[in-house]
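Undergrad: okay, sequence plus prediction incoming.
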Amino acid sequence: MKIHFIAIGGSAMHNLALALQHQGNQISGSDDVIFEPSKSRLLEQGLLPEKIGWYPDKINTTLDAVILGMHAKPDNPELIRAQEMKLPIYSYPEFIYEQSKNKTRVVIGGSHGKTTITSMILHVMHYFEKEVNYMVGAQLEGFDRMVHLTEENDFIVLEGDEYLSSPIDPRPKFHLYQPNIALLSGIAWDHINVFPTKENYVKQFQIFVDSIVKGGSITYNAEDDQVKAVVEASDNTIRRFPYGTPMHFVQNGDTFLETEEGLMPVEVFGKHNLNNLAGAKWICQQMGVDEDDFYQAISSFKGAAKRLEKIAEGKGTVAFKDFAHAPSKVKATTDAVKERFSDRRVVACLELHTYSSLNAEFLKEYRGALDAADVAVVFYSPEAIKIKRLEAVTESQIKEAFQNPGITIFTDPEVFQDFLYTQDFENTALLLMSSGNYGGLDFDKLKAKLKRS
């Protein structure tokens, strides 16, 4: 097929482009900005656009499909040309579904944990050399791309994102996959810019459960009251498999699972990650991997990129970077680090960067999220608020929202960076949580300091 990508530089989009080229398709694309690592990966495979920008003359009748990314706008000139020419236009999830109509679709949904659970499942499959198609939201050790598509594989494992499908399709991505096997890890209000009320947000998960094919299954986190209510209220004729956090304990910083075969050490830590592990086990069993084999494989899983990713370690310090930004994720991640490093000072730094986190009303959801930290820090950029055209939030509003009297707030990137660079990190666990970069934090400089600690 001859396929053109509008907004090829996106994290998911460029991986799909690479996967489709690997299949033997002829790929072209455009974008008005492309960051690393997308830029280098596209260049290496000859897919980096020669010029940055939108060029309607790239759209012609020889194209078999146009794939539209969320970064594009509804008035994109290439999109308008494709619509005028009545070419087949797909959102990312629409095209993935077209590629998986004849496969067993395994879809992992939830406000949090879905990347980690999907990654765990793929790690186990890779360990036993079981070939599956997949789409995951993070780069995994041992995998070349985040998307893999073939004709022959029976299963496709998909991370089910609840965000919108494309600029012209407001349906959440996970509504389009029609899973045979599904998982729901948790529901905690997020994406306030497109789901303005909690009720509206929860409704999307109800639709997801109802979209599971008849006779399929839902594996769900029974410890999440909202998830339990949504799953048990559905009239869909599907099998239901509840799961919860397995028995475990932490000793000298190491985490052990209590299994029928005895104690088993695991690389991941924190109750939320062990809960994710339990969900992944259920899904793997439905894909033909028994419990003992699952434990054998999962013991070597170190985590997905940017999910409690260890970035530096010195004699007396350790530092983690995490994509956490939603309130439930921030709390779970901070709690996990404190549980594992209970004998160390925990410095937790959160950047408020998303539309939701910079909304004065939504800020209240962060109450208590950083309480487990010994030093709680929040950074946000007033400039980012202006760029997003949001109403300004104040330091007093943030302090009121977190309800943590010891919290320190920074709005100047240089002042925040000076704070980090001048810290004594002896006997400390540093946690950096953000979907941004703290206004340009030099991670290499910070890592060097940490390794000397």
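TA: Structure's in. What do you need? Numbers count the residues shown, from 1 in each chain.

Undergrad: only C-alpha atoms for contact and neighbour calcs from this point on.
TA: Will do.

Undergrad: bridging residues for the nearest residue to residue 299 once chain neighbours are set aside?
TA: Once flanking residues are discounted, residue 299 sits nearest to residue 266: 4.7 Å by Cα to Cα, 6 or more residues apart in numbering. Beta-bridge partners recorded for residue 266 (DSSP bridges): residue 255.

Undergrad: tell me the predicted confidence for residue 266.
TA: With respect to pLDDT, residue 266 scores 91.

Undergrad: can you count the residues close to it?
TA: Close neighbours of residue 266, defined as other Cα atoms under 10 Å, add up to 17.

Undergrad: contact partners for it?
TA: Under the criterion of Cα atoms under 8 Å, 6 or more residues apart in numbering, the contact list for residue 266 reads 254, 255, 256, 257, 298, 299, 300, 301.

Undergrad: determine which two of these are furthest apart.
TA: Farthest-apart pair in the contacts of residue 266 is 254 and 298; separation 15.1 Å (Cα to Cα).

Undergrad: between the two, who's got more neighbours?
TA: Taking other Cα under 10 Å, residue 254 and residue 298 do not tie; residue 298 has more neighbours (21 against 14).

Undergrad: wouldn't the more buried one be in contact with residue 124 here?
TA: Yes - using Cα atoms under 8 Å, residue 298 is in contact with residue 124, at 6.2 Å.

Undergrad: tell me which stretches of this structure form helices.
TA: 11-22, 38-44, 77-84, 92-98, 114-127, 198-210, 225-233, 271-286, 291-298, 327-340, 382-387, 395-402, 413-421, 443-452 (DSSP state H).

Undergrad: kindly compare burial across these and name the winner.
TA: Neighbour counts (mean count of other Cα atoms under 10 Å) averaged over each of the helices of the chain peak at helix 114-127, with a mean of 24.

Undergrad: helices or strands up against that helix?
TA: strand 104-109, strand 155-160, helix 271-286, helix 291-298 (3 or more Cα pairs under 8 Å, 6 or more residues apart in numbering; DSSP states H and E).

Undergrad: what's next to the lowest-mean-pLDDT helix or strand in the chain, contact-wise?
TA: One helix or strand of the chain scores below all others by mean pLDDT, DSSP states H and E: helix 382-387, with a mean of 76. If you take Cα under 8 Å, 6+ apart as the criterion, helix 382-387 is touched by 353, 358, 391, 392, 411.

Undergrad: check the residues you listed and tell me the two furthest apart.
TA: The farthest-apart pair in these, when distances are taken by Cα to Cα, is 391 and 411, at 15.5 Å.

Undergrad: neighbour count winner among these two?
TA: residue 411 (18 against 12).

Undergrad: isn't that one right up against residue 381?
TA: Yes - counting by Cα under 8 Å, residue 381 is a contact partner of residue 411 at 5.2 Å.

Undergrad: return the member of the contacts of residue 266 nearest to residue 191.
TA: Closest to residue 191 out of these is residue 301 (29.4 Å), distances taken as Cα to Cα.

Undergrad: what's in contact with stretch 78-87?
TA: Residues contacting stretch 78-87 (Cα under 8 Å, 6+ apart): 6, 54-61, 63-66, 68, 89.

Undergrad: and that stretch, C-alpha only, in PDB?
TA: Output of stretch 78-87 as PDB, limited to C-alpha atoms (Å, rounded to 0.1, in the frame of the first residue of the first chain):
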ATOM      1  CA  GLU A  78      -3.100  18.300   3.500                       C
ATOM      2  CA  LEU A  79      -6.200  17.000   5.300                       C
ATOM      3  CA  ILE A  80      -8.500  19.400   3.400                       C
ATOM      4  CA  ARG A  81      -6.900  18.200   0.100                       C
ATOM      5  CA  ALA A  82      -7.400  14.500   1.100                       C
ATOM      6  CA  GLN A  83     -11.100  15.200   2.000                       C
ATOM      7  CA  GLU A  84     -11.600  17.000  -1.400                       C
ATOM      8  CA  MET A  85     -10.200  14.000  -3.200                       C
ATOM      9  CA  LYS A  86     -12.300  11.600  -1.100                       C
ATOM     10  CA  LEU A  87      -9.300   9.500  -0.200                       C
END
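
Undergrad: if we can go back for a sec, among the helices of the chain, which gets the worst mean confidence?
TA: Minimum mean pLDDT among the helices of the chain: helix 382-387, a mean of 76.

Undergrad: so how far is it off the chain centroid?
TA: Helix 382-387 sits 24 Å away from the centroid of its parent chain (Cα atoms, centre = their mean, to the nearest Å).

Undergrad: ditto for stretch 311-319
TA: 25 Å.

Undergrad: for it, buried residues please.
TA: Residues 311, 312, 313, 314, 317, 318, 319 are the ones in stretch 311-319 that count as buried (16 or more other Cα atoms under 10 Å).

Undergrad: from those, which has minimum pLDDT?
TA: Among the buried residues of stretch 311-319, residue 314 has the weakest pLDDT, 86.

Undergrad: quickly list the domain ranges of the protein.
TA: By the assignment in automatic domain parsing, the chain contains the domains 2-87, 95-298, 309-452.

Undergrad: state which strand of the protein is the longest.
TA: The longest strand of the chain (DSSP state E) is strand 345-352.

Undergrad: put the alpha carbons of that strand into CSV.
TA: These are the backbone C-alpha positions of strand 345-352, laid out as CSV (Å, rounded to 0.1, in the frame of the first residue of the first chain):
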residue,chain,number,x,y,z
ARG,A,345,15.0,10.9,52.6
VAL,A,346,12.6,11.0,49.6
VAL,A,347,12.6,14.1,47.5
ALA,A,348,9.6,14.1,45.2
CYS,A,349,9.5,16.8,42.4
LEU,A,350,6.3,17.1,40.4
GLU,A,351,5.9,19.3,37.3
LEU,A,352,2.4,20.5,36.6
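
Undergrad: I'd like the average pLDDT over that strand.
TA: Per-residue scores along strand 345-352 average to 95.

Undergrad: any idea which residue sits dead centre in this structure?
TA: Nearest to the centroid of the C-alpha atoms of the chain, with distances taken as Cα atoms, centre = their mean, sits residue 115, at 4.8 Å.

Undergrad: so who does it touch?
TA: Counting by Cα under 8 Å, 6+ apart, residue 115 has contacts 136, 137, 138, 159, 304.

Undergrad: just flag the most distant two among those residues.
TA: 159 and 304 (12.8 Å).

Undergrad: which of these two has more neighbours?
TA: Counting neighbours by other Cα under 10 Å for residue 159 and for residue 304 shows that residue 159 has the greater number, 25 against 22.
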